[in-house]
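Trainee: No sequence on hand, only this structure:
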């Protein structure tokens, strides 16, 4: 079975953070400014099967990443999720561990001529809202550069 | 500032798992059978501020919990999230770290005379669906007993 995420990791050319076991890549939908994926570099589909060293390193990645996004955009809160639902649309499923990090903002924030609002702040993230702002590669690169410039 | 979760932890009398730093309690909404909260026992609102020992122990809790729920109900997948949005409806917010674990089921499952379905399996969990099955304390106790009977 092929794995899209393995290819995604292999071909990534603009990571926010890369460690021995994890790689952080920006999402193309940026309604929640700074939204990104934290993906395990090796193929493994069961969170309970990762190694202790991978788990410890994941914590260091979260800390570094939240600190960097906070310096860049000062969100009020982060939502962190591990879901992998889409993989289960295939039979057999072939999940690959990845986490979603969504910064949440009480107030609107402007960046690079765009205004980002979080109308559901204080509530669960809204997937319709999330998909309402797809940004092209050049804007993604600007966001990545800002996050990395700490 | 008072913290509802501190009180919730202190008054809990039927945990699924309790360790030095974490306590696992069943949710009253059980549309996703086995849905539960994994709560840090001490008051801390920032995930990046927890201790390494707490982080390591959290991993052991997830492993033990998923194994127990799998033996009890055999879900196909688990969705794990750390959100804490509600706390940000207050000013100032006073979050307390807790995680949501939602077992996801490809096929319907029967337990104790009730039938549980997961119509969005393969997709993001649906909060409307989640709230569609609130169960009383006696059924919660049955579910907890089944999970603990491993």
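Mentor: Cool, the structure landed. Everything quoted here is computed from the prediction, not taken from an experiment.
Trainee: Could you identify the helix or strand that succeeds the biggest helix by length in chain A?
Mentor: As assigned by DSSP state H, the longest helix anywhere in chain A is helix A:52-73. Toward the C-terminal end, the helix or strand that comes next after helix A:52-73 (DSSP states H and E) is strand A:77-82.
Trainee: just for chain A, where's the confidence low?
Mentor: A:150 (pLDDT under 70).
Trainee: quick one: contacts of stretch A:112-129?
Mentor: When contacts are defined by C-beta atoms under 8 Å, 6 or more residues apart in numbering or on different chains, stretch A:112-129 is touched by residues A:30-33, A:76, A:79, A:102, A:104-106, A:108-110, A:133, A:135, A:139, A:142-143, B:83, B:85-86, B:88-89, B:124, B:127. Quick note: C-beta positions are derived from backbone N, CA and C, even for glycine.
Trainee: Could you tell me which of these count as buried?
Mentor: A:30-33, A:79, A:102, A:104-105, A:109, A:133, A:135, A:139, A:143, B:83, B:85, B:88 (16 or more other C-beta atoms under 10 Å in any protein chain shown).
Trainee: just so I have it, where are all the strands in chain A?
Mentor: Applying DSSP state E to chain A gives strands spanning A:17-18, A:22-26, A:36-40, A:77-82, A:98-104, A:109-111, A:114-116.
Trainee: of all these, which lies closest to residue B:4?
Mentor: Closest approach to residue B:4 among the strands of chain A is made by strand A:77-82 (17.3 Å; C-beta to C-beta).
Trainee: orientation of the closest one relative to strand B:98-104 in degrees?
Mentor: Interaxial angle of strand A:77-82 relative to strand B:98-104 (axes from the mean of the first three to the mean of the last three C-alpha atoms, to 10 degrees): 30 degrees.
Trainee: is any part of strand A:77-82 close to chain B?
Mentor: Yes. Using C-beta under 8 Å from any C-beta of the partner chain, strand A:77-82 comes into contact with chain B via A:77-82.
Trainee: Show me what that strand is packed up against.
Mentor: helix A:52-73, strand A:98-104, strand B:77-82 (3 or more C-beta pairs under 8 Å, 6 or more residues apart in numbering or on different chains; DSSP states H and E).
Trainee: end to end, how far does stretch A:32-43 reach?
Mentor: Using C-alpha to C-alpha, to the nearest Å, one end of stretch A:32-43 lies 27 Å from the other.
Trainee: buried set for that stretch?
Mentor: Result for stretch A:32-43 [16+ other C-beta under 10 Å]: buried residues A:32-41.
Trainee: any idea how far the spatially most central residue of chain A lies from chain B?
Mentor: The residue lying closest to the centre of chain A (C-alpha atoms, centre = their mean) is residue A:36, at 1.8 Å. Noted for residue A:36: a distance of 15 Å to chain B, by C-beta to the nearest C-beta, to the nearest Å.
Trainee: How about the residues of chain A by chain B?
Mentor: A:47-48, A:52, A:55-56, A:59, A:62-63, A:66-67, A:76-86, A:88-89, A:93, A:95, A:104, A:106, A:121-125, A:127.
Trainee: thinking residue A:141 is in contact with residue A:14, fair?
Mentor: Yes. With contacts counted by C-beta atoms under 8 Å, residue A:141 reaches residue A:14, the gap being 6.3 Å.
Trainee: by contact count, what packs against the longest helix of chain A?
Mentor: So helix A:52-73, by 3+ C-beta pairs under 8 Å, 6+ apart, packs with strand A:17-18, strand A:22-26, strand A:36-40, strand A:77-82, strand A:98-104, helix A:137-148, helix B:52-73.
Trainee: which helices and strands sit right next to the third one?
Mentor: Packed against strand A:36-40 by the contact rule (3+ C-beta pairs under 8 Å, 6+ apart) you find helix A:4-10, strand A:22-26, helix A:52-73, strand A:98-104.
Trainee: can these go into a markdown table with extra columns for distance to residue A:148?
Mentor: Shown next, in a markdown table, are the helices and strands packed on strand A:36-40 (distance: least, C-beta to C-beta, whole Å):
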| stretch | distance to residue A:148 |
| --- | --- |
| helix A:4-10 | 18 |
| strand A:22-26 | 10 |
| helix A:52-73 | 7 |
| strand A:98-104 | 15 |
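Trainee: right, so of those, which gets closest to residue B:2?
Mentor: Here strand A:98-104 is closest among the helices and strands packed on strand A:36-40 (C-beta to C-beta), at 23.2 Å.
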